[in-house]
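Peer 1: model this:
(2 chains)
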There are 2 protein chains.
Amino acid sequence: MTRQLEDVLAARIRIKPFIHKTPIFSSQTLNRQLGCEVFLKAENLQKTGSFKARGVSNFLATREAIADEITTYSSGNHAQATSWAAARHQRRATVFMPEDASPAKVAAVKHYGGEVQFAGLTTQDRHDACHAYAERTGAQIVPPYDHEAIIAGQGTVSLEILEELPQFDALLLPTGGGGLCAGNAFTIRSLRQTTRVYACEPTTADDARQSLESGTLTAINFSATIADGTRALCLGDRNWALIQQHVAGGLVADDPTIIEAMRDLARYLKLIVEPSGALALACLAANREQFAGQKVVVVLSGGNINMDTYSTLTAGEYAGSA
Amino acid sequence: MTRQLEDVLAARIRIKPFIHKTPIFSSQTLNRQLGCEVFLKAENLQKTGSFKARGVSNFLATREAIADEITTYSSGNHAQATSWAAARHQRRATVFMPEDASPAKVAAVKHYGGEVQFAGLTTQDRHDACHAYAERTGAQIVPPYDHEAIIAGQGTVSLEILEELPQFDALLLPTGGGGLCAGNAFTIRSLRQTTRVYACEPTTADDARQSLESGTLTAINFSATIADGTRALCLGDRNWALIQQHVAGGLVADDPTIIEAMRDLARYLKLIVEPSGALALACLAANREQFAGQKVVVVLSGGNINMDTYSTLTAGEYAGSA
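Peer 2: Presented below is the predicted three-dimensional model:
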């Protein structure tokens, strides 16, 4: 598989009419707290509330034909993006989600007009149900991460970052199946070889870190974390090929650190971010010695969370502002 | 008093190095819900978490000399901005806040290095305590709203809006003492006579509406609302002069509508906004027939709120995204 930078540039031009160019925020208080200069790329403010709108938009725009019905499997953000994009293409969408999916994400899929079917708890469960459904009905599958058009779409995040920040030392990316990580590691390293890129995972779902350390694509058996968007048990094959080549290492953070990052983003940045969206900032906080004095970009990948859950997680004392 | 557009343009140039140019957001879901096209100017993402950073920065930059100590009185956001700006000018700041001030705002003032003194519950209480203190110590007062340099500084919000949105029908502004409202009503109407500007208040603190309807500056006796930034009992004299000339009318919203606006901003825009900051959106929701089909800009004036309070107010079901 050869991945070309042209694919990412073409994706940017192709999807620009449908997505937001999201802002990059900073906070002096957060910088002092972390001992480095942090730039937060706010993909929680993206259409559908996550970066997934990029990949799906690029995938559909590059198909020769789109079937009457499209389908996918997802813990939620990719499902929302697929349902949203299907409506734009005037197609039906049926999405397979885990039985413990965030009610916020289920509600949003329906809000965009998609139909939800629940299938087990693991990525494998919903993958199998979706593929059986596609075979039975002829629905076209929108792959969640292991596809070149999805990877190129997610890589457009980096093009926006490079326009605003010509120089920085490290890029930290939440990593589940690896679409965001692969696309942006490839893009950044193609344009700026000196920037180091890190795959960020929950401590209990560190398959990318294990793969990077062993040099072999490694799956885990089970993951329990509040970061529902990054519970994938294994990277995709195409994702792993790019991640192995371009990512400097894996970083992890535990759930309490993720919650603290969500609180900091509320206090200092006034941003609502879901647990997976706060993961890269949490990994920075958990590894701050490694980044002392550096310019670090973290991607806030999404903001889709039930307000009840959000309120319960973040209730706590305030300590300043941006 | 003659107010010149040049003062606002000069303020913009003067304060630009210290403040953020804040983004303007929109949400198709919110547009559908309100039946008009809404643009949200996110001053909750401003330095110190509110627009007040603009006025204070302009006030201090236009003084011939700044005393060793500066002082002010405020429910919180102006106190934070004053404390923040004092640190930049290497001055001490002592701020007089109400006994029921938001703990978030008190903490933030201290975080920026300011000293907090509590003085009663009303604007008059803290005004009197601050003036007595200034007389006793020689501290220089930073007026919260009734001053030309403050009004010009707040008016810079509109210059940023006009750069991004050349055409819109109405501008809705949260209104307490009237600095934000006066500065922006003047600026918008100087540049675009056809835009209508509305002063937005809590139902229980509608002194601007009463003043506009009677044609005479009118004070109220008492205000109870969760929108702590807009509890002022009366507009300032300079503010009233500009508001009377340039504002089309007053709009009000009650506390439950303000809370619903806060929830909508969390659900659809992923933004944390304090009650006063959600007030203009709440007034739009409460008066939506009046704005049907129009392009409406609402200013989200601030985002400083205790996370405990925020969580309690906004807990509820999610229903979509941007």
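Peer 1: strands along the stretch 151-300 of chain A, start to end?
Peer 2: Using DSSP state E, counting those that start in this stretch, the strands of the stretch 151-300 of chain A run over A:170-174, A:196-202, A:249-253, A:295-300.
Peer 1: again, but for the stretch 1-150 of chain A
Peer 2: A:24-25, A:37-42, A:69-73, A:92-97, A:115-118, A:140-141.
Peer 1: need these in JSON lines (columns: distance to chain B).
Peer 2: The C-beta positions use only the backbone N, C-alpha and C, and glycine is treated the same way. Converted to JSON lines, those look like this (distance: least, Cβ to the nearest Cβ, whole Å):
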{"stretch": "strand A:24-25", "distance to chain B": "7"}
{"stretch": "strand A:37-42", "distance to chain B": "8"}
{"stretch": "strand A:69-73", "distance to chain B": "17"}
{"stretch": "strand A:92-97", "distance to chain B": "15"}
{"stretch": "strand A:115-118", "distance to chain B": "14"}
{"stretch": "strand A:140-141", "distance to chain B": "23"}
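Peer 1: any chance of these in JSON lines, plus mean pLDDT?
Peer 2: Below are the strands of the stretch 1-150 of chain A laid out as JSON lines (pLDDT from 0 to 100):
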{"stretch": "strand A:24-25", "mean pLDDT": "96"}
{"stretch": "strand A:37-42", "mean pLDDT": "98"}
{"stretch": "strand A:69-73", "mean pLDDT": "97"}
{"stretch": "strand A:92-97", "mean pLDDT": "97"}
{"stretch": "strand A:115-118", "mean pLDDT": "96"}
{"stretch": "strand A:140-141", "mean pLDDT": "97"}
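Peer 1: what residues does the stretch 1-150 of chain A put near chain B?
Peer 2: Within the stretch 1-150 of chain A, the positions near chain B by Cβ under 8 Å from any Cβ of the partner chain are A:20, A:23, A:25, A:29, A:44-49, A:80, A:103-104, A:107-108, A:111-112.
Peer 1: can you rerun that using 6 Å?
Peer 2: A:Pro23, A:Asn44, A:Leu45, A:Thr48, A:Gly49, A:Ala104, A:Ala107, A:Ala108, A:His111 (Cβ under 6 Å from any Cβ of the partner chain).
Peer 1: greatest separation within those residues: which pair is it?
Peer 2: Greatest spacing in the residues of the stretch 1-150 of chain A next to chain B, by Cβ to Cβ: A:Pro23 and A:Ala107 (25.9 Å).
Peer 1: give me the neighbour count for the closest residue to A:Val298 other than its chain neighbours.
Peer 2: Spatially, and ignoring its direct neighbours in sequence, A:Val298 is nearest to A:Ala280 (4.0 Å; Cβ to Cβ, 6 or more residues apart in numbering or on different chains). A:Ala280 is flanked by 31 other residues according to other Cβ atoms under 10 Å in any protein chain shown.
Peer 1: ok, A:Ala280 to A:Ala253 distance?
Peer 2: Distance, A:Ala280 to A:Ala253, using Cβ to Cβ, to the nearest Å: 9 Å.
Peer 1: do A:Gln28 as well
Peer 2: 23 Å.
Peer 1: have a look at the two and say which one is more surrounded.
Peer 2: A:Ala253 (25 against 14).
Peer 1: what about the residue nearest to the more buried one when sequence neighbours are not counted, neighbour count?
Peer 2: Computed as Cβ to Cβ, 6+ apart, the closest residue to A:Ala253 that is not its neighbour in sequence is A:Ala282, at 3.7 Å. Applying other Cβ under 10 Å, we find 30 residues neighbouring A:Ala282.
Peer 1: wait, isn't A:Ala282 in contact with A:Arg263?
Peer 2: No - with contact defined as Cβ atoms under 6 Å, A:Ala282 does not reach A:Arg263; the gap is 10.7 Å.
Peer 1: may I have the phi/psi pair for the closest residue to chain B within the stretch 151-300 of chain A?
Peer 2: Residue nearest to chain B within the stretch 151-300 of chain A (Cβ to the nearest Cβ): A:Lys270, separated by 3.7 Å. Backbone torsions of A:Lys270, given as degrees, to the nearest 10, read phi 60, psi 30.
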